[in-house]
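Engineer: following is a predicted model, sequence given first.
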Amino acid sequence: MDFGYLLRILARRKWLIAGAMLTAAVATFLLIGLRPEKYKASVILATGIVNYKGINSDNSDAFVQQYQVQNAFSNLIEFVLSRSSMKILTIHMLKHDLSAGANQQEHPYRKANPKLSQFSQEEQNQLIAELAKINLDSINDPSFSQQFDYLLDKIARAYGYDHDALRRSIDVKRKGETDYLSIEVVTENPQLSQVMANTFAGRFLAYYHNISVREKRKNVETYSKLAADKKFVVDSINNVRFEYLKAKGLPVLGKQSEELVGQITKLEIERQRADSRKKAAAGSVERIKKYEDNRESRDAREVQARVEEKNNTIDQMERVRELTQRSLETKGKDADVEAELAEAKAELNNAVRSSARVQGKLRTDETKRTREDLYKERVSTDLDRIDAEENYDRLNNEIWKLKGQLGSMVVNDEISSRMLKDEERALAEFNKVNDELINAKLNLENAENPLSVVENAQLPEWPEPNRQTLISVFAAIVVGTLTIIALFVLAYLDKSLQSPDLFKRYTNQLPLLGSISAVPVKGLDFEELFAGKNASKQVSTFREGLRKLRSALLQTTDKTYLFVSLKGMEGKTFTMHALAHSLAANHKKVLMLDTNFKTPLSEKYSDSPTPNSALLNKLIREHGFSNVFLMKNPSEDLKQERRVDIIGNVGIHKSPSEVLDDKKFRQFLAALGEQYDYIFMEAASLTQYSDAYELVPFADKVIAVFNAKSSIGHADAETLDNLRDLREKFAGAILTEVDARNMN
């Protein structure tokens, strides 16, 4: 949206802007004039913040110091304006006004306004009685019962002393970069402003001092009680520890523990020796047993060897005897027998010598220990092992017994040590709390109020300037600015196609054939429109727009035009009628063929008599479209010339391709083209139906109609791309109902 368009919007709405500014200025001027006069009184307090913080003259850490000062002033101002501080002023002012109204000796500063709050006489008397019990000089906590606070706020609202009213009347701020704080009170009464300012300052100083003393006194009481509790804890732990040691009979608990540790150490050494003897005896028993097993195995082998040697010798002797007998029988003449006999004798000699060696070895082993000796030795060693185990178990039991005694002593010693540590810790805590108690008492004795009144409020002589004119001008400027911003926002949010420039921007430079301005439709006669009679400026602008469109169509040789639109109710039918009559004014014959089967024209447009009715009916019947298009009624005056004819349809809920034969419809259009200079066809909306896409092949050019009041959405992007894809067949778009001021 360009800046020039925004300026045109402002130019069109200049009277609206001026009227809003004037109304705001007059209303503000009158309202300020009706307000009562206000009087201001102020009290100046010294805070001591700067003196305590002390910005150094050399500006070291100036930023941090200055931040601390500002933070301290902010905290103090918030405390001055707090509800608790304001409640003290409310109580004081109500005390005065209620008592003055009751005894009628003094005049109250204000009277109750029943419009603000209504209360009964009983509630007033109850509040007076409650207020009489309150001593504002010593108050340090303005927290009362919920019922009292409700009653106080209810009656204070009627007098204008409630918290909200006081916050509107009282302003607290720091005076420049000084240490002073200014309390300003603005009311409708000069005396009331002075009294409220001085009263609030005095009551706040007393309240602030009482709070400071209260905190310090509370610290003293707290630390006194805490110190007594800590002292009681120290004494209690000391008494419990003494009674515990006395009951256990352990005056020298550490020495007895050392003696038991020494005994346990000696017994553990003896237990280690017994364990060594036990392990050594067990090892000897195992070795002797193994040796016995080896001895038994070796003896068995030796017996087996002797038996085998004996049997072998007997076998050899029996063989020699047999061979000797055979040799005697053969008288030594058989060589084989003699050879076997000699071999048998040799083997016998070997067997005898081997048996002699075994016998000699047995005699040598007889010098070694027998199996009985080994058994005796093993039994003796096993007895030593058993004795070592019994000794080990005995020492182990004694050690465990002594350790049990030592454990009991260690527990007692640990409990006693823990009690001693607890006593030392409690004593340290007592000393720390006692130091804090001493400091709290010193702070209480040296407590001073850092706030003081530097200047009391004086009786204001003149009311505060109301700046009636300045505020009125400012209100007019503000309202005018807001009105301009609102117009800009509405124009920015308005995405409608209001002008040809916006149309090109929102449609991404879609070709624009022309635009026609908005015109009152009621009573509009197209024949009179182009008759050259005088017309209004609005109608003249509309007529010139049609003439420009007509010139664009006359420059081409195309005859058949299809009018389409993205959505319904865009003004296709009206544009066709207007453009047809514009061409008729230029002596062109135009036929409007209603091919919008979804929304057909009413019969009062399509069934009007025409000199060409008979010809049109004939063409419709010849091409077989009598069930599609409406037949024309015959003309009553055949001599009347008509350059614009309309053929309506019967209203078929089908697409054109389903009811129009391609070849016949082309022939039908060709026959109509011989009678008319231009043929205008209308199709249903592109985004809802496919009718327009099916009628495009029958048209020479396609014209898209857009309404200036409609907008382009994301769903229309694809339809716009389809129009661009028509390329040379797309004649362009017509923007209708354009505000005449947006035509250029």
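Structural biologist: Structure's in. What do you need? Computed from a prediction, not measured in an experiment: that's the story for all the values here.
Engineer: all the strands of the stretch 551-700 of the chain, residue numbers only.
Structural biologist: 560-564, 590-594, 644-647, 678-682 (DSSP state E, counting those that start in this stretch).
Engineer: just want the angle from the last one to strand 590-594.
Structural biologist: By that I understand strand 678-682. Counting by axes from the mean of the first three to the mean of the last three CA atoms, to 10 degrees, strand 678-682 lies at 20 degrees to strand 590-594.
Engineer: other SSEs contacting strand 678-682?
Structural biologist: strand 560-564, helix 572-584, strand 590-594, helix 662-675 (3 or more CB pairs under 8 Å, 6 or more residues apart in numbering; DSSP states H and E). The C-beta positions use only the backbone N, C-alpha and C, and glycine is treated the same way.
Engineer: now swap in the shortest one and tell me
Structural biologist: Counting contacts by 3+ CB pairs under 8 Å, 6+ apart, the secondary-structure elements packed against strand 644-647 are helix 572-584, strand 590-594, helix 603-606, helix 613-622.
Engineer: tell me which residues are up against the last one.
Structural biologist: The contact list for helix 613-622 (CB atoms under 8 Å, 6 or more residues apart in numbering) reads 610, 626, 629, 631-635, 645, 647, 668, 671-672, 675.
Engineer: so which of these is the most crowded?
Structural biologist: residue 647 (27 neighbours; other CB atoms under 10 Å).
Engineer: the strands in the chain, which residues?
Structural biologist: 39-46, 170-174, 180-187, 452-455, 512-517, 560-564, 590-594, 644-647, 678-682, 701-707, 730-738 (DSSP state E).
Engineer: out of the helices and strands packed on strand 678-682, which gets nearest to residue 262?
Structural biologist: strand 560-564 (118.1 Å; CB to CB).
Engineer: partner strands of the closest one, parallel or antiparallel?
Structural biologist: strand 678-682 (parallel), strand 701-707 (parallel) (DSSP bridges).
Engineer: average pLDDT for it, rounded please.
Structural biologist: Averaging pLDDT along strand 560-564 yields 95.
Engineer: for stretch 86-93, same thing?
Structural biologist: According to the model, stretch 86-93 has a mean pLDDT of 92.
Engineer: next: stretch 346-363.
Structural biologist: On average, the pLDDT along stretch 346-363 is 65.
Engineer: and the nearest residue to residue 32 once chain neighbours are set aside, how far is that from residue 25?
Structural biologist: Using CB to CB, 6 or more residues apart in numbering and skipping the chain neighbours, the partner closest in space to residue 32 is residue 468 (4.5 Å). The gap separating residue 468 from residue 25 is 11 Å, by CB to CB, to the nearest Å.
Engineer: between those two, which is the more surrounded one?
Structural biologist: Counted by other CB under 10 Å, residue 468 and residue 25 do not tie: residue 25 has more neighbours, with 20 against 15.
Engineer: find the nearest non-adjacent residue to the more buried one, please.
Structural biologist: Residue 25's closest residue in space is residue 476 (CB to CB, 6+ apart), at 3.8 Å.
Engineer: surely that neighbour and residue 17 touch.
Structural biologist: No. The pair residue 476 / residue 17 is not scored as a contact, 10.3 Å apart, by CB atoms under 8 Å.
Engineer: looking at these two, which is more packed in?
Structural biologist: Neighbour count, other CB under 10 Å: between residue 476 and residue 17, residue 476 has more, with 21 against 17.
Engineer: and that one, how far from residue 381?
Structural biologist: Taking CB to CB, one finds residue 476 at 127 Å from residue 381.
Engineer: hang on, the earlier thing: now the strands of the chain in TSV, with distance to residue 443?
Structural biologist: Output for those, formatted as TSV (distance: least, CB to CB, whole Å):
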stretch	distance to residue 443
strand 39-46	21
strand 170-174	27
strand 180-187	24
strand 452-455	20
strand 512-517	87
strand 560-564	92
strand 590-594	101
strand 644-647	105
strand 678-682	97
strand 701-707	84
strand 730-738	84
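Engineer: report the contact partners of the residue nearest to residue 25.
Structural biologist: Under the criterion of CB under 8 Å, 6+ apart, the neighbours of residue 476 are 21-22, 24-25, 28.
Engineer: can you get me a residue count around residue 167?
Structural biologist: So residue 167, with other CB under 10 Å, has 12 neighbours.
Engineer: what sits against it?
Structural biologist: 81, 86.
Engineer: returning to what we had before: nearest to residue 321, out of the strands of the stretch 551-700 of the chain?
Structural biologist: strand 560-564 (146.2 Å).
Engineer: follow-up on the earlier one: ok, which of the strands of the stretch 551-700 of the chain comes nearest residue 118?
Structural biologist: strand 560-564 (72.1 Å).
Engineer: the closest one vs strand 730-738, what angle?
Structural biologist: Angle, strand 560-564 to strand 730-738, by the same axes, to 10 degrees: 50 degrees.
Engineer: show me the contact partners of strand 560-564.
Structural biologist: Contacts of strand 560-564 (CB under 8 Å, 6+ apart): 553, 572, 575-576, 595, 669, 673, 678-683, 685-686, 692, 695-696, 698-705, 731.
Engineer: I'd like to know how many residues surround residue 442.
Structural biologist: Neighbours around residue 442, by other CB under 10 Å: 12.
Engineer: do the one 5 residues further on as well
Structural biologist: The local packing count at residue 447 equals 13, with neighbours defined by other CB under 10 Å.
Engineer: any idea how far residue 17 is from it?
Structural biologist: From residue 447 over to residue 17 the distance is 64 Å, taken as CB to CB.
Engineer: and the residue nearest to residue 671 when sequence neighbours are not counted, how close does it get to residue 664?
Structural biologist: Setting aside the residues directly before and after it, residue 671 is nearest to residue 619 in space (CB to CB, 6+ apart), at 5.2 Å. Distance, residue 619 to residue 664, by CB to CB: 11 Å.
Engineer: between these two, which is the more surrounded one?
Structural biologist: residue 619 (19 against 13).
Engineer: okay, residue 685: pLDDT?
Structural biologist: Predicted confidence (pLDDT) for residue 685: 91.
Engineer: and if you look at residue 332?
Structural biologist: In this model, residue 332 is scored at 72, pLDDT.
Engineer: list the contacts for it?
Structural biologist: Residue 332 touches residue 338, counting by CB under 8 Å, 6+ apart.
Engineer: ok, back up a step: what's the closest of the strands paired with strand 560-564 to residue 309?
Structural biologist: Set against residue 309 and scored by CB to CB, the strands paired with strand 560-564 come closest in strand 701-707, at 135.1 Å.
Engineer: residue 628 against residue 660, yeah?
Structural biologist: Yes. Counting by CB under 8 Å, residue 628 touches residue 660, with 6.9 Å between them.
Engineer: neighbours of residue 439, how many?
Structural biologist: Neighbours of residue 439 using other CB under 10 Å come to 13.
Engineer: turn the helices and strands packed on strand 644-647 into a markdown table, columns for distance to residue 150 and mean pLDDT.
Structural biologist: Listed next are these as a markdown table, based on distance: least, CB to CB, whole Å; pLDDT from 0 to 100:
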| stretch | distance to residue 150 | mean pLDDT |
| --- | --- | --- |
| helix 572-584 | 71 | 91 |
| strand 590-594 | 79 | 93 |
| helix 603-606 | 76 | 71 |
| helix 613-622 | 90 | 88 |
